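Chemist: Build the 3D model from these lines:
(3 chains)
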Amino acid sequence: METLAFQGLVGLSLAMYLWLLAAGLTIVFGVLGILNFAHGSLFMLGAYFAFTFYGLWGINFWLAILLSLLTVGIVGYLMERLFLRHIYHLDHAFQLLLTFSFILIFDDVAKMVWGGVAKIPAMPSFFEGTFSVFGRLFPIYNIFIIGSGLLVALVLWLLFEKTWWGKIVRASASDREMASAIGVNIPTLFTGVFVLGAMLAALGGALGTPVRVVAPGIGAAMIIQAFIITVIGGLGNLKGAFVGAVIVGVLSAYGILLFPVFELFLIFVIMAIVLMVKPQGLFGG
Amino acid sequence: MKTLTILLLVVLLSLLPLFAGKYILYMTIHILLLSLFSLGFNLLFGFTGLLSFGQAGFYAVGAYACAKILLSVPSLLLGILGGVVMAGVISFLLGLLSIRHTRIYFSMLTLCFGMMIFSLAWKWRDMTGGDDGLVGIPRAPLEIPGLWKINIATMESYYYVVLVSSLLAIYIFYRLVNSPLGLTLQGIRDSETRAACVGISVRNYRLISFTIAGLYAGLAGALLPPLENTVAPTVAHWSHSAEPVLATLLGGIYSFAGPIVGSFLFYIIKDIIVRFTEYWLICLGVIVLVLVLGFRGGVASIFYGKGGRE
Amino acid sequence: MERLKTKRYWPQPISPEPYFTPLKGSIGEELCGRNLQARFCEGALNNQERRLCEMSTRQKLVGFFCLIFFFLTIIVSAPAFAQPAAKPLGVEVIKIGGMGIMSGPFLICGRVIMQGAQLAIEEINAAGGILGSKLELKFMDDELKPAVGVKNTRYLVTDWGAHFIIGVDSSGVAMAIGEIMPELDRIYISTHASTHRLTEELVYEKGIKHIFRTTTPTYQEGILPAIIFSDRTKFPGLTRWAGINCDYEYGYVSWSLFQHTLKKLRPEVEFVASTYAPFWTMDFTPHISAVMAKKPDGIFTTPWAGEGVQLARQALIMGVFDDPTLKVYWHPTGVTTDFLEAVTTEVKADKFKGKLWISGRYVHNWLDIPENKSFVKRFVERWGLYPFHPGQGAYDAIYFIKAALEKTRSLETAKVIKALEGMEMMTPGGLKYIRPEDHQAVYTAPAGRPVIDPAYPIAVMGHFHVIPAKDYFRHPPFEPIKIIK
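Modeler: Numbers count the residues shown, from 1 in each chain, chains lettered A, B, ... in the order given. Just a heads-up that it's a prediction; the model follows:
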């Protein structure tokens, strides 16, 4: 019994990490209508920058995360202004292909700039240590991840529900024509939303550096999982992405404990079932 | 003019073994396989408007089915037929489930199914050999029991088998696409509601398109094991599904010969790039970027304008 | 009225025009629209918008020139159509084709194969080459995929003219290219891929004589620890083992060999938990917690390179090494430079509490022989990192080729095979003997634990635990290993 509860907790921290990844993806899709493959690359860049600032240059951990967020925000800004702006009117297939090309490019750029060998920074001292939960040891780091995930969910909810900017974004997402008719500057709004998505991706990458290596290709490895979560939850739906992440994370953890043979399958089976039962995703429509 | 070029090409291909080295033959066979794969994919994408990311799954079904058959009954014809039929059946069944969705959800669902086939191939060691795959597959002779038997153990003879199958398949595809079926599919792509109003069962036609795409993927897959003598689960991975997508994009989505031209270019580009540098991903990425931004009709559009007349 | 500028950015589905002219009066005409002069963009109302969608003459010209340039590149780099067969020794250049993984968290392993081979080649060329012929290396990325490995091998041999093939990290790729070596009539020397099936099945059983291996096989992962940890006096109470393994051949085989051997030597052990992690697993915490739930005394792991680093780091924060029940954490490829570099700070602070056991097929600071010392010095000078087994194996492969060619004075494959069989050579990794039965190089590599040595900037192996090779290598006739999950 305790084992199950503990595994569930591990699954929850896994889920919160996936949520960080999926949040930006689903926001970008909901507002801009683009399914951004390059989200994985922004995640990888966030991890690389955090590693550089904290691991190589020795800057304070929290400052390093902030800096990496800002840097990737700039990258996202450039990406949107220079490239994505020109493909909004195209078929979704071309948008997918363009963002896919970004993954290929960024992977090699990372290899060229940082050398390609998998690296990991030293462990920040405040993450060492465990709490005793359910009779087992649960790392402080995982608690921190769960906390961050919940904090981000809260902040995003506040942002989109309570602030004026959030209302405009929601309005543009639901009816672009009307929003621009009442004077909303759609292009600037899109840039802003994309930069927000990019920073969320970078946050996921940066927060992972104490326990995950940075290497070219980690973005591509994570992006499929992020896609599946957003699709399960309903594309464009933040609540759906959160619930989807929790489902996938927790079920993955239980899968490893109880049905190890099927673990590889599991995430795809969940998505297939959800899509067949409710084609628009759990909260989509 | 056009028929002349095609005739010239066919003659050139037929005479290739006489003056080309083994590796060029090997490359050409792979290009032909990729062309078949991309043709089927383009039926779904260019003609019906559905972007599928899971075609590699059906390719794998065709490859594994052929491999299993060849390992027990050394008859090439049976192996290829078996592979194609299995792929067709599986694509029909999965199509029933996927067709309800469109656009993004369709792409995601097909990605899903493709990766499920990949996981199955990876995990089911007893049947598929797991991550090692199936090895030692013989290049079985082409035989019709009782009539004749041709030994095709050499690369040259197998090349002819692949060439003949491909030309046949391409011709069938040509007839298919220039028939009312092809037109209907384009009609569905252009305007679903209009098509439905005219009385066409959109769902049925999409299913037909999906199954045919699966059949062609299966054919391409079934021709693989006798060439390489091994099959590994990586043929089902989504990165392999991306190959016909990129090849078709390169060649021209809205033209008939686009996938074929694109496959040739894609394969050659990748082959040449990896000889010179380890940074082939960025080269590929830049090419795709340039294509999407500037040359959406692919190579075909350079010659024919966006109309892409053949 | 002027159109709102913002419409430009709205995602409107472009309806591409049909490529084909519908027959008059057919349903196609109705469906596709009668406008046979269709523009590419449906709904383009004015020239400005149409320009966005259609391709201008300038674009067409640019595209055309790109194509011409591209075809010129092909012609310039096109292979000669008539590829000459391997000439007897007396060719200007002996070509070595190499392959390894050059992407992802395992990149260091492929790259070091190239570095080891290149160092050997540079040394040999500086000393005059092999019987006057220089050596040349071409290294390609096999992406851990058998299909890519086979294709590259075919290219390297039939197109580029490689006389030998070396390398490969992945067991799956090695098994695939091993099978085609007789067809290509070339020798393949594995310098990392470690499945014992390569030598036991392909060479010994099937008789594919073209395959050799200069590094230890999975005996290092599975049998060596079983012998070490079966010692009841040194490791009392080490009876419950769990495994976190790679979800592919390498993981299954190592874990099975370990269980098989340990059960025979110490019958009271039990194997209480086992999980498998596929390629690209980034988060091992569910695996670690699933395994720790069963309270094992020892954990057997196989994830390597970058994944090994992650696993160890995540095990550390989950308190695995602080757990009093856990006595041993076995990481058989822990001497890879990226792993040692990553754990240096933790080893300094003794976070692993002496429970982390590592091994490898070559340990740079173990043998105090001049061959090793000078090799390490030269490698560090040339490449800036400490060598580990795939690189050292590749280095040896080149020198074995040199010794064989000097003996046979011919590039004929059958003769070189005969020369390599039974060859013994002193290498930086010790005395290596290529046994004729399965072409496996037999030599000893130690196990130990990471320590800080002031002579080196990163952690190195210490507390050496040495078992002679003949004791932990399997010998023919080989009984097949059943894969135990």
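Chemist: how close does the residue nearest to B:Leu70 when sequence neighbours are not counted get to B:Gly40?
Modeler: Spatial nearest neighbour of B:Leu70, excluding adjacent residues (C-beta to C-beta, 6 or more residues apart in numbering or on different chains): B:Gly79 at 4.5 Å. For every residue, glycine as well, the C-beta is placed using N, CA and C. Distance from B:Gly79 to B:Gly40, counting by C-beta to C-beta, to the nearest Å: 19 Å.
Chemist: try A:Asn36
Modeler: 28 Å.
Chemist: wait, does stretch A:3-17 contact chain C?
Modeler: Yes. Judged by C-beta under 8 Å from any C-beta of the partner chain, stretch A:3-17 comes into contact with chain C at A:3, A:6-7, A:10-11, A:13-14, A:17.
Chemist: Just the closest of those residues to chain B, please.
Modeler: Distance to chain B, by C-beta to the nearest C-beta, is smallest for A:Leu14 among the residues of stretch A:3-17 next to chain C, at 19.0 Å.
Chemist: List the buried residues in the helix or strand where the closest one lies.
Modeler: Element membership for A:Leu14 (DSSP states H and E) is helix A:2-32. Using 16 or more other C-beta atoms under 10 Å in any protein chain shown as the test for burial, helix A:2-32 gives A:3, A:6-32.
Chemist: Same question for stretch B:168-182.
Modeler: Buried residues in stretch B:168-182 (16+ other C-beta under 10 Å): B:169-170, B:173, B:176-177, B:181-182.
Chemist: Report the separation between B:Tyr254 and C:Tyr399.
Modeler: Remark: distance between B:Tyr254 and C:Tyr399 (C-beta to C-beta) = 57 Å.
Chemist: what about the two, which has more around it?
Modeler: B:Tyr254 (25 against 19; other C-beta atoms under 10 Å in any protein chain shown).
Chemist: what does chain A have sitting close to chain B?
Modeler: So chain A meets chain B at A:35, A:83, A:86-87, A:90, A:92-94, A:96-98, A:100-105, A:107-109, A:111-112, A:224, A:227-228, A:231, A:235, A:261-262, A:264-265, A:268-269, A:271-272, A:275-276, A:279-281 (C-beta under 8 Å from any C-beta).
Chemist: Could you tell me which of those count as buried?
Modeler: Buried subset of the residues of chain A next to chain B (neighbour count, 16+ other C-beta under 10 Å): A:35, A:83, A:86-87, A:90, A:92-94, A:96-98, A:100-105, A:107-109, A:111, A:224, A:227-228, A:231, A:235, A:264-265, A:268, A:271-272, A:275, A:280-281.
Chemist: Please flag which of the residues you listed sit within helices.
Modeler: In this view, those that belong to helices under DSSP state H are A:92-94, A:96-98, A:100-105, A:107-109, A:111, A:224, A:227-228, A:231, A:264-265, A:268, A:271-272, A:275.
Chemist: Which single residue of chain C approaches chain A most closely?
Modeler: C:Gly306 (3.0 Å).
Chemist: thought that residue was touching C:Cys109?
Modeler: No. Applying C-beta atoms under 8 Å, one finds C:Gly306 not in contact with C:Cys109, separated by 9.5 Å.
Chemist: Between these two, which is the more surrounded one?
Modeler: C:Gly306 (29 against 26).
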